[in-house]
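S.K.: quick one, what's the 3D model for this:
(chains A and B)
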2 protein chains.
Amino acid sequence: MADGGPDLPAGVRQATPEDVPDVLRLIRALADYEREPDAVETTEDDLRRWVFGDDPVASVLVAESGDGAVVGMALWFRTYSTWTGVPGIYLEDLYVDPASRGSGLGKALLTALARIAMDRGYRRVEWAVLDWNTPSIEFYEALGARPMEEWTTYRLSGHALAELGA
Amino acid sequence: MADGGPDLPAGVRQATPEDVPDVLRLIRALADYEREPDAVETTEDDLRRWVFGDDPVASVLVAESGDGAVVGMALWFRTYSTWTGVPGIYLEDLYVDPASRGSGLGKALLTALARIAMDRGYRRVEWAVLDWNTPSIEFYEALGARPMEEWTTYRLSGHALAELGA
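M.R.: Got it, this is the predicted structure:
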């Protein structure tokens, strides 16, 4: 993941290793909101390795409140489309603390990803939303995002993955 | 993407730059099957850059028939789960030429991905399927894959992406 890149919206910056505790706090808060409070097995070491290590997979943007506290984050990784021929951005997690909502930081984080995509010639920003999460769906549709309703994601994990991969 | 890794099933190997024309042929054949024959804008140069270049995003496995012809492929990239804390594998395209189906090459390609995942400590292999593609859905479910039915993928692209990223 190269440095540099486009100007980011006010309140949004690239995360540094020092942000890892805040990022993990926000990951847990999102899981809680998604009604899966015990789902997060990720550790600070995992984030240091996979975001800031020698073989990074993911990138993180953080959003700050007026006093410089980290109150939001967007964790993303690159995809590849065999139709467009170029990478895309997959937004794995987007979260803003409840106390900081309504101040535009969620939109600023998505705007930052759109700027990164445009700057690099990527042609898609994608993410998944839980079907009951109406406030988020309305927010995404207002930005012009569209649901890929024809497609269902399948997952191989746990015992089935171990068995096929044995 | 490191070299090495697990033994792959018979008939499956890592793609090389020499396979690019075959891989693009199979990408186009898959788009045709998906009823989007004109959707593929990808060029051979795109594949050389994003699979074999300095900043690769995607990896490709190819499947060979008994005479060594490339008759199938799996193109994938790494994801990151903030729940598991480790990367996963996203299978963007899986395709086997119709004349070579029924010989187990599709399962061999998925088995290869499961082995790569297990070898690296990754915990998920995921992909998307069109809702009308019953033969594929039955094949995936027989392998133990499960649909993520609660989630819908949203995409920001085209004019809406350009507008937000401007």
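
S.K.: ends of stretch A:38-55, how far apart?
M.R.: 28 Å (C-alpha to C-alpha, to the nearest Å).

S.K.: could you give me the buried positions within it?
M.R.: A:39, A:40, A:42, A:46, A:47, A:49, A:50, A:51, A:52 (16 or more other C-beta atoms under 10 Å in any protein chain shown). Heads up, the C-betas are built off the backbone N, CA and C, glycines and all.

S.K.: contacts for that stretch next, please.
M.R.: A:15, A:17, A:20-21, A:23-24, A:27-28, A:31, A:56-60, A:75, B:2, B:80-87 (C-beta atoms under 8 Å, 6 or more residues apart in numbering or on different chains).

S.K.: and stretch A:112-130, average pLDDT?
M.R.: Mean pLDDT, stretch A:112-130: 97.

S.K.: is the stretch of helix or strand residue A:113 belongs to in proximity to chain B?
M.R.: Following DSSP states H and E, the helix or strand that holds residue A:113 is helix A:105-120. Yes - for helix A:105-120 and chain B, the contact criterion (C-beta under 8 Å from any C-beta of the partner chain) is met by A:110, A:111, A:114, A:115, A:116, A:117, A:118, A:119.

S.K.: list buried residues within the residues you listed.
M.R.: A:110, A:111, A:114, A:115, A:116, A:117, A:118.

S.K.: ignoring the adjacent residues along the chain, who's closest to residue A:24?
M.R.: residue A:44 (5.7 Å; C-beta to C-beta, 6 or more residues apart in numbering or on different chains).

S.K.: would you map the strands across chain A?
M.R.: For chain A, the strands defined by DSSP state E cover A:12-14, A:58-64, A:70-80, A:87-96, A:124-130, A:146-147, A:151-157.

S.K.: and those strands, which is most packed in?
M.R.: strand A:70-80 (a mean of 24; mean count of other C-beta atoms under 10 Å in any protein chain shown).

S.K.: the inter-axis angle of that strand versus strand A:87-96?
M.R.: Orientation check (axes from the mean of the first three to the mean of the last three C-alpha atoms, to 10 degrees): strand A:70-80 against strand A:87-96 gives 160 degrees.

S.K.: hmm, who's touching stretch A:59-72?
M.R.: By C-beta under 8 Å, 6+ apart, the list of residues contacting stretch A:59-72 reads A:1, A:8, A:11-15, A:19, A:22-23, A:26, A:47, A:51, A:73-77, A:94-97, A:99-100, A:103, A:105-106, A:108-109, A:112-113.

S.K.: got it, and stretch A:101-121?
M.R.: By C-beta under 8 Å, 6+ apart, stretch A:101-121 touches A:5-12, A:61, A:63, A:65, A:71-74, A:76, A:86-89, A:91, A:94, A:96, A:122-125, A:139, A:143, B:156, B:161-162, B:164-166.

S.K.: what distance do you get for residue A:83 to residue A:103?
M.R.: 37 Å (C-beta to C-beta, to the nearest Å).

S.K.: between those two, who's got more neighbours?
M.R.: residue A:83 (19 against 16; other C-beta atoms under 10 Å in any protein chain shown).

S.K.: the more buried one contacts residue B:31, doesn't it?
M.R.: Yes - if you go by C-beta atoms under 8 Å, residue A:83 and residue B:31 touch, sitting 6.8 Å apart.

S.K.: burial count for residue A:163?
M.R.: 13.

S.K.: which residues sit in contact with the residue lying closest to it once chain neighbours are set aside?
M.R.: Distances taken as C-beta to C-beta, 6+ apart place residue B:144 nearest to residue A:163, at 6.9 Å, with adjacent residues excluded. If you count contacts by C-beta under 8 Å, 6+ apart, residue B:144 has them with A:156, A:159, A:160, A:161, A:163, A:164.

S.K.: hmm, try it at 10 Å
M.R.: The contact partners of residue B:144, taken as C-beta atoms under 10 Å, 6 or more residues apart in numbering or on different chains, are A:155, A:156, A:157, A:158, A:159, A:160, A:161, A:162, A:163, A:164, B:114.

S.K.: for residue A:136, same thing?
M.R.: Here residue A:136 is in contact with A:33, A:94, A:106, A:127, A:129, A:130, B:154 (C-beta under 10 Å, 6+ apart).

S.K.: equivalent analysis for residue A:57, please.
M.R.: So residue A:57 contacts A:1, A:49-51, A:77-78, A:92, B:77-81, B:86-88, B:122 (C-beta under 10 Å, 6+ apart).

S.K.: just residue A:122 next, same as before
M.R.: A:78-81, A:84, A:86-89, A:113-114, A:116, B:57, B:157, B:161, B:165 are the contacts of residue A:122 under C-beta under 10 Å, 6+ apart.
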